[in-house]
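1. sequence and predicted structure below; questions after.
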Amino acid sequence: MADSDESNFECVVIGGGICGVSCIETISILSPLCKTLLISGSPLVKVATGVRQLTKTLEEFDVEERAFDWVESRNANIRVVSGQVTTVDSEKHVVHLADGRIFSYKMLCVCSGGKPKVIAENNPFVLAIRDTETVQEFVRKLADAKRIAIIGNGGIATEMVWELEGVDAVWVIKDSSISAAFVDAGAAEFFLDSWKNRKDKHPATCVQLKRIKYTNNDAAKITPFGSALGPDWATGLLMKGKSDHSSDFPIQLELNCEVKRILTPKEYAAVFGTPTESWPVYVELTNGKHFGCDFIVSATGVTPNVDFLQKTLPAGAFAVDGGVTVDDCMESMVKDIFVAGDACTAGWPFSPHWFQMRLWTQARQMGAYAAKCMLAKLNQEPITMDFTFELFAHATKFFGFKVILLSLFNGQRLGSDYEVLLRMTKGVEFIKLILKDGAVQGAVLIGETDLEETFENLILNGTDVSAYGEDLLNPDIDIDDYFD
Ligand SMILES: Cc1cc2nc3c(=O)[nH]c(=O)nc-3n(C[C@H](O)[C@H](O)[C@H](O)COP(=O)(O)OP(=O)(O)OC[C@H]3O[C@@H](n4cnc5c(N)ncnc54)[C@H](O)[C@@H]3O)c2cc1C
Ligand SMILES: NC(=O)C1=CN([C@@H]2O[C@H](COP(=O)(O)OP(=O)(O)OC[C@H]3O[C@@H](n4cnc5c(N)ncnc54)[C@H](OP(=O)(O)O)[C@@H]3O)[C@@H](O)[C@H]2O)C=CC1
């Protein structure tokens, strides 16, 4: 290829995470002759493999890290380069890389992911988990730790506390129950109770949803953050500290509070007097408690990683949460710039049963759908929205239990005007249905319930279930028979 060919592409995709790779794979399948470039800030890309469709909208897959040449070998029209995009010139349709290279595009898809929100950005005792490197740093520091503080109440904190061994942890939660980013107080109680009464941390009944291996790649990543970790990042990792306690429940829960300040030993002594035990860092909480620890994990969510678009897009192109607002074709306010995955904020009128959460499945689906939209625009063809945006569906694993979340599982968007139907067997299963206007609007299915397909259908079809009352969750009745 001549030089100019080397830098001119029809489609350019920024980001080698699950979203960017799903985008180029879809372009490659739908339009094998489309000249496409993937610019990855990390030395390996993340590929979804072994996709298993559990129901119409619910899927599981494994995630593997692959070298650039694996991606290129699948299609001669795909090129993958390593580099950090610093700016995008939307007038000239070119992207600039930190090393001076320039690539032109007809259609651009930004899949640059998110970066952790950190409670005290430059404090060396505060650690955030995002990618393979940060998790390795965590494991390394943990090996020398007797007590840590975990701040945040979402996916990372929930998965981390379950895996910890040989360390005391103070879990600082601003809500009144654990894991509130995903489940309500009832399900949280189910988890806590099962956890405290567990006989075996990984009992045979616990379903292994998926397992992946992350490589320790020696090549330096180019952007400050590599691709986000995902399913099973915590499973199989030895998260072991050096405390010699033998408690089965070494977690101290601090509910309804936040970190007031983080203090050095000197600052702590000045405020609270000389401590009985000396620690590298101290934490004061808004509930008045204070304690020392080896380090602090900030697991307080992500913010879209789109700073390099600040000069390209007008202020109005960004949503309140910092993501780039996209329309129902994943396109931003600026022509031919599409944004997908953790980097974007879905800005179209949602279907009644879907909403955005920054998760693997949505990153993969958005990447694939953005590819279809880019090609449709290139070819001036119409496009209809993917079915995947009809219903929110998430499969994961918390505290050793399979967890399925469907549609408005916490009554999102319904205000207080809905009914809840519950079935719970301690240590075995927790099922919660959200009902409104006689129809199922959402479901939380914890344990081996095998009900995901049934409830997905009831939600999607808007079936009137009011005649069934509580029988809907009667364990002696096979509800599949009702709706056959
Ligand atoms: C610890 C952890 C555990 C998680 N567990 C789960 C889970 O169990 N289930 C689930 O559904 N979700 C989980 N998530 C969320 C999920 O990982 C993300 O939603 C998903 O990976 C987002 O994919 P993405 O491709 O949009 O972004 P990312 O994976 O963040 O990829 C972004 C890519 O863009 C590159 N990049 C960034 N800026 C530039 C630039 N300027 N130039 C070039 N390249 C750039 C980065 O290097 C990276 O390769 C987890 C997240 C974390 C952090
Ligand atoms: N199994 C899964 O599906 C997993 C998914 N993930 C995903 O990875 C991403 C990163 O995970 P994570 O960091 O846990 O983010 P999450 O968004 O899951 O959770 C962040 C939590 O921290 C709370 N929080 C925010 N700021 C503060 C603060 N200053 N002090 C105390 N608490 C605070 C949030 O409360 P509030 O919401 O009220 O602001 C929320 O409960 C998320 O997109 C998450 O969905 C991660 C791990 C596992």
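-> Right, received. Where do you want to start? Residues are numbered from 1 along each chain as shown. Ligands and ions are numbered 1, 2, ... in the order given.
2. who's in contact with the spatially most central residue of the chain?
-> The C-alpha lying nearest the average C-alpha coordinate of the chain belongs to residue 359 (C-alpha atoms, centre = their mean; 3.3 Å). Residue 359 makes contact with residue 394 under the criterion C-beta atoms under 8 Å, 6 or more residues apart in numbering. From N, CA and C alone the C-beta is placed, and that goes for glycine too.
3. now do residue 72
-> Applying C-beta under 8 Å, 6+ apart, the residues near residue 72 are 78-80.
4. out of those residues, which is nearest to ligand 1?
-> residue 80 (11.3 Å; C-beta to the nearest ligand atom).
5. near ligand 2, which residues of the stretch 51-200 of the chain show up?
-> Taking C-beta under 6 Å from any ligand atom, the part of the stretch 51-200 of the chain that reaches ligand 2 is made up of 119, 151-157, 159, 174, 180-181.
6. just the buried residues of these.
-> 119, 151-153, 155-157, 159, 174, 180-181 (16 or more other C-beta atoms under 10 Å).
7. need the contacts of residue 72 in TSV (columns: secondary structure, neighbour count and pLDDT).
-> Converted to TSV, the contacts of residue 72 look like this (DSSP: H, G, I helix; E, B strand; the rest coil; neighbours: other C-beta atoms under 10 Å; pLDDT from 0 to 100):
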residue	secondary structure	neighbour count	pLDDT
78	strand	23	95
79	strand	20	96
80	strand	22	97
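8. how near is the residue in the stretch 301-450 of the chain positioned nearest to ligand 1 to residue 53?
-> Residue of the stretch 301-450 of the chain nearest ligand 1, by C-beta to the nearest ligand atom: residue 341 (2.4 Å). Shown here: residue 341 relative to residue 53, a distance of 20 Å by C-beta to C-beta, to the nearest Å.
9. over to residue 423?
-> For residue 423 relative to residue 53 (C-beta to C-beta), the value is 26 Å.
10. any idea of the mean pLDDT in stretch 272-292?
-> Averaging pLDDT along stretch 272-292 gives 96.
11. so for that stretch, what gets flagged as buried?
-> Here stretch 272-292 shows 279, 281-285, 290-292 as buried, counting by 16+ other C-beta under 10 Å.
12. secondary structure class for residue 403?
-> Put simply, residue 403 is strand when judged by DSSP: H, G, I helix; E, B strand; the rest coil.
13. select the longest helix from this structure.
-> helix 360-378 (DSSP state H).
14. elements contacting that one?
-> strand 11-14, helix 18-30, strand 59-66, strand 107-110, strand 337-339, strand 393-398 (3 or more C-beta pairs under 8 Å, 6 or more residues apart in numbering; DSSP states H and E).
15. and that helix with ligand 1, contact?
-> Yes - for helix 360-378, a contact with ligand 1 is found by C-beta under 6 Å from any ligand atom, at 360-361, 363.
16. what would those look like in a markdown table with neighbour count?
-> Shown next, in a markdown table, are the residues of helix 360-378 next to ligand 1 (neighbours: other C-beta atoms under 10 Å):
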| residue | neighbour count |
| --- | --- |
| 360 | 26 |
| 361 | 23 |
| 363 | 31 |
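17. now do the contacts for the residue of the stretch 1-150 of the chain found nearest ligand 2.
-> Nearest residue of the stretch 1-150 of the chain to ligand 2, counting by C-beta to the nearest ligand atom: residue 119, 5.1 Å away. For residue 119, the contact set (C-beta under 8 Å, 6+ apart) comprises 126, 151, 259, 262, 296, 298, 300.
18. likewise residue 157?
-> Residue 157 touches 150-151, 171, 173, 179, 297, 299, counting by C-beta under 8 Å, 6+ apart.
19. what do you get for residue 412?
-> Taking C-beta under 8 Å, 6+ apart as the test, what residue 412 contacts is 355, 442.
20. do the longest helix of the chain and ligand 2 meet?
-> No - Helix 360-378 does not reach ligand 2 (C-beta under 6 Å from any ligand atom); its nearest approach is 7.4 Å.
21. and the average pLDDT for that helix is what?
-> Mean predicted lDDT for helix 360-378 stands at 97.
22. please compute how far that helix lies from its chain's middle.
-> 18 Å (C-alpha atoms, centre = their mean, to the nearest Å).
23. swap in stretch 260-267?
-> Using C-alpha atoms, centre = their mean, the offset of stretch 260-267 from its chain centre is 31 Å.
24. okay, buried residues for that stretch please.
-> Applying 16+ other C-beta under 10 Å to stretch 260-267 flags 262-263 as buried.
25. what about residue 81, is that helix, strand or coil?
-> Relying on three-state DSSP, one would call residue 81 strand.
26. next, count neighbours for it.
-> 14 (other C-beta atoms under 10 Å).
27. can you check residue 92 too?
-> 11.
28. same thing with residue 11?
-> Neighbour number of residue 11 under other C-beta under 10 Å is 27.
29. thanks a lot, see you next time.
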